[in-house]
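Peer 1: Just need the structure, nothing else, for what follows:
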Amino acid sequence: MPGVKARPCEEGTIQSIRVARDCAASAKLWVLLATILASSIAYIDESIVNVALPAIETDLATSVIVVQWLISAYTLTLSSLLLVGGAAGDRFGRRRLFIVGISIFAAASLWCGISPNVTQLISARAVQGVGAALLIPSSLAIIGATFAENERGKAIGTWAGFSALAAAGGPLVGGWIVDHFSWRWIFFVNPLLTVPTVWIALYHVPESRDPEAKPGLDWQGALLVLIGLGSVTYGLIALPILEWSHPTVLASLSVGLMLLGAFVWVEGHSRAPMLSLAMFRSRTFSVINILTLLLYGALGGAFFFLPFALIQVRGYPAALAGAAFLPFTVIMAGLSRWAGGLLDSFGARLPLVIGPALSALGLGLMALMVSRGPYWEFLVPIVILGFGMVISVAPLTTTVINSVPTNQTGIASGINNAVASVANLFAVAILGAVALGILNHTLDQHLESATVSTGVQQAIRAAHGSFVIEPALSNTQGTDRLAAETIIKGSLAESIRSVMLIAAALAISAAAVGTLLPRSIKITDPNDP
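Peer 2: Now for the predicted structure:
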C-alpha cells in the first residue's frame with residue numbers, strides 16, 4: 001500500500017540466519033492472524049444471518065421469497081465477482097485487495113444494520129458480497145504465497161480452525177441478540193473486527209502478486225455471469241408462486257442459461273479471462289470443484305432451513321437455535337489443524353470420500369429428527385455433520401491450491417470459492433422452491449381431507465408461502481389455534497424433512513465424486529497441452 005514501509009523481513013536487512021528464520025516465522029503468524037480475523041468477519045455474518053431469518057421475515061412482514069433474497073443477493077454478487085477478485089489480487093496485489101474487501105464488507109454491514117426497509121437491506125447484502133469477493137480469495141492466496149507447499153495443509157487447517165472458533169459464538173450470540181434486542185444489531189459485530197485486521201494487514205502482511213498476470217480484468221465476463229446467475233436465481237425463486245409455465249419463469253431461466261453459455265464462450269476467447277478454462281484440463285482441479293459444488297450445496301441448503309426447523313417447528317427461542325450450531329463450529333475449530341495434515345498422511349481421496357459420506361449421514365439423521373426428539377438428541381446429527389465437514393474442508397482447500405502452480409493460487413482459490421458460493425446460491429433457490437411447493441401441497445391436502453372449522457381453514461390458507469407460523473395464527477384462538485398450529489407445523493416439518501434428505505443425497509454424491517480423485521496430487525501447468 002502507498003505510504004506503508006515494508007518490514008525488515010521484506011527488505012532483507014537481517015543478516016543472521018537464525019534471526020531471519022525467526023522473522024519469517026513471525027511474519028507467517030501475522031499472516032495467519034490477519035486472514036483468520038478477516039475470514040471470521042464473513043463467517044460470523046453468514047451464521048448470524050441464518051439464525052435471524054425468521055425474525056427478519058416477521059419484523060419486516062415479508063414473505064419467504066424475499067427472505068431467500070437476503071441470502072441470494074449476498075451469494076449472487078459473491079459468486080459473480082470472486083473470480084475477478086482472485087484475478088485482481090494476483091495482478092494488483094493480494095494484500096491491497098484484501099484490505100479493500102474488508103473495508104467494503106464493514107461499511108455494508110453498517111448499512112444492513114440501519115436499513116429502513118427490505119429493499120435497502122437486500123441491496124446492502126449485495127454490497128457485502130462484493131467485499132467478500134475481494135476478501136476471501138485474497139485470504140487464501142496470501143496463505144498460499146506465504147507458506148511452502150509442505151506447510152500449506154497445516155496452515156490452511158489452522159486458518160480454518162481458528163476462523164471457525166472465532167465464528168463459533170456467532171449463532172449463539174446472534175440468537176441472544178435477536179431474542180433480547182433486534183436483528184439489526186447483529187450486523188454491527190463485523191466492523192468491530194475490521195480495525196485490528198486492517199492494521200495487521202498494513203504493517204505485517206507482505207504484498208504478493210503474480211508477475212505473469214495478464215493485463216486487464218474480465219469485466220465483460222463478470223457482467224455476463226452476474227446477470228446470468230441472477231436471472232436463473234430469480235426464475236428458481238419465483239417458481240413456487242408462478243409455476244413452470246409462467247412466461248416470467250421461462251424467460252428468466254432461458255435468458256440466464258443463455259448468458260451463462262455466453263460467459264463460457266467469452267472466457268474461452270478472452271485475453272485475460274476471469275475463469276481460466278485451461279485449469280479444468282487438470283483432472284484433480286475439475287473433480288475437486290464438482291465435489292465442492294455438491295458438498296457445499298448440501299451444507300448451504302441444510303443451514304438455510306435449520307433455523308426454521310428449530311424455531312418454527314420445534315418452538316425453540318433464537319438463542320437456543322443458535323446454540324445448535326455450536327458443536328459444528330467447535331469441531332471445525334478444534335480439529336481443522338489435525339485435518340489439514342490428513343492430506344500428507346492419506347492423500348486427497350480418502351478424506352474426501354469419508355468426509356462427505358459422514359456429512360450425508362448427519363444430514364439424513366437431521367431429516368428424521370426435524371419434528372421429534374429432545375433438544376440434545378437433535379445435536380447428534382449436527383456433531384456427525386461437523387466431523388464430516390472438518391475431514392473435508394482443509395484437504396479440499398489444500399488440494400485446490402496444490403493442483404496449480406504457485407503463481408495461480410489466487411485465481412484457483414477464487415474459482416473454488418465461486419463454485420462453493422454458486423452451490424449455496426442454487427441450493428437456497430432450488431431447495432427453497434421445493435420446500436415451498438411441498439409446504440403448499442401438504443397444506444392443500446389438509447384443507448381437502450380434514451373436517452375443520454372456518455377459522456382453521458383461514459389459518460391454513462394464510463400459511464401458504466411462508467416458513468413463519470405465527471402470522472397465520474394471529475386470528476385464531478382456543479381449539480382452532482391448536483388445530484391450525486398442529487397442521488401448519490406438521491406441513492412445514494414435512495417440507496424441511498424433504499429438503500434435508502435432498503441435501504443428504506447431494507453429500508453422498510460428493511463422496512462418490514471423491515473416489516475419482518488421484519491418490520497423489522501432481523502440480524502441472526494448466527497451459528501445457
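Peer 1: remind me which residues of the stretch 401-529 of the chain are low pLDDT?
Peer 2: Across the stretch 401-529 of the chain, the ranges flagged by pLDDT under 70 are 406-411, 414, 449-450, 519-529.
Peer 1: For the stretch 1-150 of the chain, which residues score under the pLDDT cut-off?
Peer 2: Where the stretch 1-150 of the chain drops to pLDDT under 70, the residues are 1-26, 43, 46-47, 149.
Peer 1: Helices along that one, start to end?
Peer 2: In the stretch 1-150 of the chain, the segments counted as helices under DSSP state H, counting those that start in this stretch are 8-11, 17-59, 64-92, 94-114, 118-146, 149-168.
Peer 1: Among those helices, which comes closest to G478?
Peer 2: Smallest distance to G478 across the helices of the stretch 1-150 of the chain (C-beta to C-beta): 22.8 Å, for helix 17-59. Using the backbone N, CA and C atoms, a C-beta is placed for each residue, glycine as well.
Peer 1: Could you count how many residues lie near the closest residue in space to L352 that isn't next to it in sequence?
Peer 2: In space, and not counting its chain neighbours, L352 is closest to G514: 3.9 Å by C-beta to C-beta, 6 or more residues apart in numbering. Applying other C-beta atoms under 10 Å, we find 27 residues neighbouring G514.
Peer 1: cool, and L368?
Peer 2: 13.
Peer 1: Which of the three states applies to P518?
Peer 2: Classification of P518 by DSSP: H, G, I helix; E, B strand; the rest coil places it in coil.
Peer 1: what's the pLDDT at the residue nearest to it when sequence neighbours are not counted?
Peer 2: In this structure, P518 finds its nearest non-sequential neighbour in T284, 6.1 Å apart by C-beta to C-beta, 6+ apart. On the pLDDT scale, T284 is placed at 83.
Peer 1: Determine the set of other helices and strands touching the host helix or strand of T284.
Peer 2: Element membership of T284, judged by DSSP states H and E, is helix 283-308. Judged by 3 or more C-beta pairs under 8 Å, 6 or more residues apart in numbering; DSSP states H and E, helix 283-308 is in contact with helix 17-59, helix 318-323, helix 351-368, helix 375-402, helix 409-449, helix 478-514.
Peer 1: Which one, of these, ends up nearest to F263?
Peer 2: Among these, the nearest to F263 by C-beta to C-beta is helix 409-449 (11.9 Å).
Peer 1: what's the next secondary structure element after the closest one?
Peer 2: Next element after helix 409-449 (DSSP H and E): helix 454-462.
Peer 1: tell me which residues in that next one are buried?
Peer 2: Within helix 454-462, the residues that count as buried by 16 or more other C-beta atoms under 10 Å are 455-456, 458-460, 462.
Peer 1: Closest one of those to L121?
Peer 2: Closest approach to L121 among these (C-beta to C-beta): A462, at 24.1 Å.
Peer 1: check contacts around that closest one.
Peer 2: Residues in contact with A462, defined by C-beta atoms under 8 Å, 6 or more residues apart in numbering, are 471-472, 475.
Peer 1: how close does it get to D444?
Peer 2: Counting by C-beta to C-beta, to the nearest Å, the gap from A462 to D444 is 13 Å.
Peer 1: what sits against the residue nearest to L352?
Peer 2: Contacts of G514 by C-beta under 8 Å, 6+ apart are 287, 291, 349, 352-353, 355-356.
Peer 1: Just give me the neighbour total for S245.
Peer 2: The number of residues packed near S245 is 7, by other C-beta under 10 Å.
Peer 1: likewise W199?
Peer 2: When neighbours are defined as other C-beta under 10 Å, W199 has 11 of them.
Peer 1: Let me see the confidence value for it.
Peer 2: 86.
Peer 1: Can you tell me the element it falls in?
Peer 2: Per DSSP H and E: helix 190-204 holds W199.
Peer 1: swap in W265?
Peer 2: Assigned by DSSP H and E, W265 falls within helix 247-269.
Peer 1: got the CA coordinates for that helix in CSV?
Peer 2: This file holds the C-alpha atoms of helix 247-269, laid out as CSV (Å, rounded to 0.1, in the frame of the first residue of the first chain):
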residue,chain,number,x,y,z
PRO,A,247,-43.7,-16.5,-19.0
THR,A,248,-41.6,-14.8,-16.3
VAL,A,249,-40.1,-18.0,-15.1
LEU,A,250,-39.5,-19.4,-18.6
ALA,A,251,-37.9,-16.1,-19.7
SER,A,252,-35.7,-15.8,-16.6
LEU,A,253,-34.4,-19.3,-16.8
SER,A,254,-33.9,-19.2,-20.6
VAL,A,255,-32.1,-15.8,-20.6
GLY,A,256,-30.0,-16.8,-17.6
LEU,A,257,-28.8,-20.1,-19.2
MET,A,258,-28.0,-18.3,-22.5
LEU,A,259,-26.0,-15.7,-20.7
LEU,A,260,-24.1,-18.4,-18.7
GLY,A,261,-23.4,-20.2,-22.0
ALA,A,262,-22.1,-16.9,-23.5
PHE,A,263,-20.0,-16.4,-20.4
VAL,A,264,-18.2,-19.8,-21.0
TRP,A,265,-17.7,-18.8,-24.7
VAL,A,266,-16.3,-15.4,-23.8
GLU,A,267,-13.9,-17.0,-21.2
GLY,A,268,-12.6,-19.3,-23.9
HIS,A,269,-11.7,-16.4,-26.2
